[in-house]
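A.B. asks: pasting the structure only:
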């Protein structure tokens, strides 16, 4: 996993009895009447989460992991718990540069912006719809960012930027990924001109393997210069000092574009990246809205990682994503 220059019940205080010095003080002594100093928490507990949400939400071992499981079967269970704030990601745009997003999937209901984008090569053709995911990849990635069941920042707004369709890795070229970055950046600049408080994340789960002219890198630098927080997958064989942190990437449950209620289990850094992107969106929506991409990267690495990865490829850092420090959005 690589982050480029960014590297995501109502509680009431009951006032103890005492002399009511004012009508406001008297009211404050009535149970369930809230005063101005009461903190409202919207934290909820999900009981149908995948193992990866449970994993990143605690610093210790997964408590209910059985001693002798068949690993894949255990990881494919969807009965893990995790505590989260349903407002994480609210007001944050997340550009998903991928194979399209199927907005009719139940996990993404109401979370996908109606304005999608498609690179020029696909535009006007049978695969030029940003809301059709022939590859069955972008829908899953999007669900890990903001999905009702599968996602981290469940209130974020997803924007589909279609950069490939249905031909596997060979269909996601340097030119198309670069163009997708440029389209997303231009869209954010246009939107931010109307709303200066707007914040955005960009998730790229398709890697650029060969970029001698630095076209993709330059496009990312321009996106960052506009304040977009970019999360970039390192690739399944990627391992060196350019990797910033690791996140779960085995048997990751996510939405499938095969049907409105379908799910699948994906492996690889394609599914680790959106967990980080969702974390970034959650931070931006709480106490991190003024962080620059460089400051966000520093905060992620300093506050949202722990050591102890079982296997680390040569040259890669021993830093695993955890979200125990994620603040609540009050």
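C.D. replies: Yep, it's here. Since the structure is predicted, the reported quantities are computational estimates derived from the model, not experimental observations. Numbers count the residues shown, from 1 in each chain.
A.B. asks: what about the stretch 51-200 of the chain, any weak spots by pLDDT?
C.D. replies: 62-74, 166-170 (pLDDT under 70).
A.B. asks: all strands of it, in order?
C.D. replies: Using DSSP state E, counting those that start in this stretch, the strands found in the stretch 51-200 of the chain span residues 80-84, 92-98, 117-118, 157-162, 199-204.
A.B. asks: indicate which one of those strands is closest to residue 52.
C.D. replies: Closest to residue 52 of the strands of the stretch 51-200 of the chain, according to Cβ to Cβ: strand 80-84, at 8.6 Å. C-betas here are computed from N, CA, C, even on glycine.
A.B. asks: and the closest one, how far out from the chain middle?
C.D. replies: 16 Å (Cα atoms, centre = their mean, to the nearest Å).
A.B. asks: quick one: strands adjacent to that strand?
C.D. replies: Partners of strand 80-84 in the sheet, by DSSP bridges, are strand 44-49 (antiparallel).
A.B. asks: now do the strand it pairs with, average pLDDT.
C.D. replies: Per-residue pLDDT values across strand 44-49 average out to 94.
A.B. asks: in it, what counts as buried?
C.D. replies: 46, 49 (16 or more other Cβ atoms under 10 Å).
A.B. asks: now the helix or strand harbouring residue 299 and strand 199-204, what's the angle there?
C.D. replies: Here residue 299 sits within helix 293-303, counting by DSSP states H and E. Orientation check (axes from the mean of the first three to the mean of the last three Cα atoms, to 10 degrees): helix 293-303 against strand 199-204 gives 70 degrees.
A.B. asks: now do the helix or strand just after helix 293-303, average pLDDT.
C.D. replies: Sequence-wise, the next helix or strand downstream of helix 293-303 (DSSP H and E) is strand 305-306. For strand 305-306, mean pLDDT is 90.
A.B. asks: return the list of helices and strands in contact with strand 305-306.
C.D. replies: If contacts are counted by 3 or more Cβ pairs under 8 Å, 6 or more residues apart in numbering; DSSP states H and E, strand 305-306 sits against strand 320-321.
A.B. asks: how close does the residue nearest to residue 289 when sequence neighbours are not counted get to residue 156?
C.D. replies: In space, not counting the residues next to it along the chain, residue 289 is nearest to residue 199; the distance is 5.8 Å by Cβ to Cβ, 6 or more residues apart in numbering. Distance from residue 199 to residue 156, counting by Cβ to Cβ, to the nearest Å: 10 Å.
A.B. asks: what sits against the nearest residue to residue 144 once chain neighbours are set aside?
C.D. replies: The spatial neighbour of residue 144 that comes closest, neighbours along the chain excluded (Cβ to Cβ, 6+ apart), is residue 274 at 3.9 Å. Counting by Cβ atoms under 8 Å, 6 or more residues apart in numbering, residue 274 makes contact with 96, 141-142, 144-145, 152, 203, 205, 231.
A.B. asks: mind checking the SS state of residue 274?
C.D. replies: helix (DSSP: H, G, I helix; E, B strand; the rest coil).
A.B. asks: longest helix anywhere in the chain?
C.D. replies: Longest helix in the chain by number of residues (criterion: DSSP state H): helix 174-194.
A.B. asks: ok, residues contacting it?
C.D. replies: Outside helix 174-194, the residues touching it (Cβ under 8 Å, 6+ apart) are 93, 95, 97, 115, 117, 119-122, 159, 161-164, 198, 200, 202, 204, 206, 208, 210-211, 215-216, 219-220, 222-223, 226-228.
A.B. asks: show me which positions of stretch 289-306 end up buried.
C.D. replies: 291, 293, 296-297, 299-301, 304-306.
A.B. asks: got it, and stretch 306-320?
C.D. replies: Buried-residue list, stretch 306-320, by 16+ other Cβ under 10 Å: 306, 312, 316-317, 319-320.
A.B. asks: which among these gets closest to residue 258?
C.D. replies: Distance to residue 258, by Cβ to Cβ, is smallest for residue 320 among the buried residues of stretch 306-320, at 31.0 Å.
A.B. asks: partners of the closest one in the sheet?
C.D. replies: residue 246, residue 306.
A.B. asks: now do it against residue 50, distance only.
C.D. replies: Taking Cβ to Cβ, one finds residue 320 at 16 Å from residue 50.
A.B. asks: neighbours around residue 142, how many?
C.D. replies: Neighbour count of residue 142, defined by other Cβ atoms under 10 Å: 35.
A.B. asks: how about residue 163: what's its closest non-neighbour residue?
C.D. replies: Spatially, and ignoring its direct neighbours in sequence, residue 163 is nearest to residue 180 (3.9 Å; Cβ to Cβ, 6+ apart).
A.B. asks: report the contact partners of residue 246.
C.D. replies: Contact analysis of residue 246 by Cβ under 8 Å, 6+ apart lists 1, 272, 309, 312, 316-317, 319-321.
A.B. asks: repeat that for 7 Å
C.D. replies: Contact analysis of residue 246 by Cβ atoms under 7 Å, 6 or more residues apart in numbering lists 1, 272, 309, 319-320.
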